[in-house]
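Q: The following comprises the amino acid sequence and a computationally predicted model.
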Amino acid sequence: MKAIFNKTVIAESDNTISLEGNTYFPPDSLKKEYFKETNHHTTCPWKGVASYYTIEVKGEICDNAGWFYKNPTDAAKEIKDHVAFWRGVRVSQ
């Protein structure tokens with residue numbers, strides 16, 4: 001699977017996790033130079049508190065476009081630190 005933003009692959013892995021219609025990429029699959037952690041957080045009743053990354057590629061910025069769980073609940077422990085995307089990031093095979 002690949003995550004693409006501004007015509008650039010920002011994450012790629014054969015070891016993603018599919019959950020609730022989202023593809024979660026393992027942390028080592030991210031091209032870290034494009035990611036900056038933000039102060040934005042949301043809460044999922046069963047996964048816990050989500051943290052977010054803003055993504056910047058070739059001068060184009062997508063705020064809070066990737067989310068991940070640093071300390072997920074036991075029910076979601078398999079996605080700890082894995083990143084899912086939205087807001088203009090395309091995920092495909």
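A: Looks like it arrived, so ask away.
Q: any idea how far Ser51 lies from Lys31?
A: According to Cβ to Cβ, to the nearest Å, Ser51 stands 18 Å off from Lys31. Bear in mind the C-beta positions are built from the backbone N, C-alpha and C, glycine included.
Q: neighbour-wise, which of the two wins?
A: Neighbour tally, Ser51 and Lys31, criterion other Cβ atoms under 10 Å: the higher count belongs to Ser51, 19 against 14.
Q: per-residue pLDDT, that one?
A: Listed pLDDT for Ser51 reads 98.
Q: Write down the beta-bridge partners of it, one by one.
A: Assessed by DSSP bridges, Ser51 has beta-bridge partners His41, Phe68.
Q: which residues does it contact?
A: Going by Cβ atoms under 8 Å, 6 or more residues apart in numbering, Ser51 touches 37-38, 40-41, 67-70.
Q: and with 10 Å instead?
A: Each residue near Ser51 by Cβ atoms under 10 Å, 6 or more residues apart in numbering is listed here: 37-42, 64, 66-71, 81, 83.
Q: what does Thr8 give?
A: Applying Cβ under 10 Å, 6+ apart to Thr8 gives the contacts 31, 34, 55, 57-58, 60.
Q: Most neighbours among those, which one is it?
A: That'd be Ile55 among the contacts of Thr8, by other Cβ under 10 Å, with 28 neighbours.
Q: Quick check: it touching Ile10?
A: Yes - between Ile55 and Ile10 there is a contact at 6.2 Å, judged by Cβ atoms under 10 Å.
Q: Tell me the residues that contact both of those two, please.
A: 3, 30-31, 34-35, 62, 65-66, 83, 85, 89.
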